[in-house]
Structures are given as C-alpha cells and as structure tokens.
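**Student:** Would you be able to build a 3D model of this:
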Amino acid sequence: MTISSTLAILGLPGGSEWIVIALIGLLVFGRRLPEVGRSLGRSIVEFKKGIKGVEDEIEAESAEPLKPYDRRLGGDEEELRRLQQQGEAAEELKRVSQQQQQQQHQGNG
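**Tutor:** This is a model prediction of the structure:
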C-alpha cells in the first residue's frame, strides 16, 4: 500500500488537490499571505511557550515532596501543630524507653 493510497483512504487531499487549495489561498489572502504566515508562526511560538511554561510548573510542583499537612492536600496549620506534637511525643517516648533499657542493662551488668 503506497502513501497516496493511504492518504486517499483517510480522506486527505492528494497532490493536485493541494495545488488547488494553495491557489484558492493565494486568491483569498493575496498580498496579506506573508503577514498571515508571520502571524501564524508567532501564534505557534506563543503556544509552545505556554505549553513549556505549564510543563515547567507541573515539574516544579511534582519535584516538591508533599507532607501530610500540605495545603495542596487540604491540610492546615492546626493539623501541622498536631503532627509536630505527636512527633515530639514520639521522640520523648523513644528517649525514655532508651533510658530505661540502658538502666536495665546497667543493672544486669
């Protein structure tokens, strides 16, 4: 199967049809054709810049690790304080447990 038969199956214009389309475009736009081309080029460049900006923003947001209290996840300052207190309590419990283990170990030694 050749490329032209594939294009025909898809319903895309062939070689002579493109020539007719170009002639119609030349008649419609005439002298404004270069201006239209520049405008189209600028539009494409601006579109690509916008896409790149969105991609950069998404990449920057995804690079930051999310914490359980993160506002992006609906957390708030009260939840942050609660989590900090839990962490401090856990550290204190761990410290006391280690001290007890050391005392028991010294008592057995």
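**Student:** Next secondary structure element downstream of the strand or helix carrying K49?
**Tutor:** Assigned by DSSP states H and E, K49 belongs to helix 33-63. Going down the chain from helix 33-63, the next helix or strand is helix 77-108, by DSSP H and E.
**Student:** Now that following helix: average pLDDT?
**Tutor:** For helix 77-108, mean pLDDT rounds to 80.
**Student:** got it, and stretch 36-55?
**Tutor:** Averaging the model's pLDDT scores along stretch 36-55 yields 92.
**Student:** How about residues contacting that stretch?
**Tutor:** Outside stretch 36-55, the residues that touch it by CB atoms under 8 Å, 6 or more residues apart in numbering are F29. In short, each C-beta sits where N, CA and C put it, glycine included.
**Student:** Can you give me the buried ones in that stretch?
**Tutor:** By 16 or more other CB atoms under 10 Å, stretch 36-55 has no buried positions at all.
**Student:** Ok, stretch 101-109 next?
**Tutor:** Of the residues in stretch 101-109, none is buried (16+ other CB under 10 Å).
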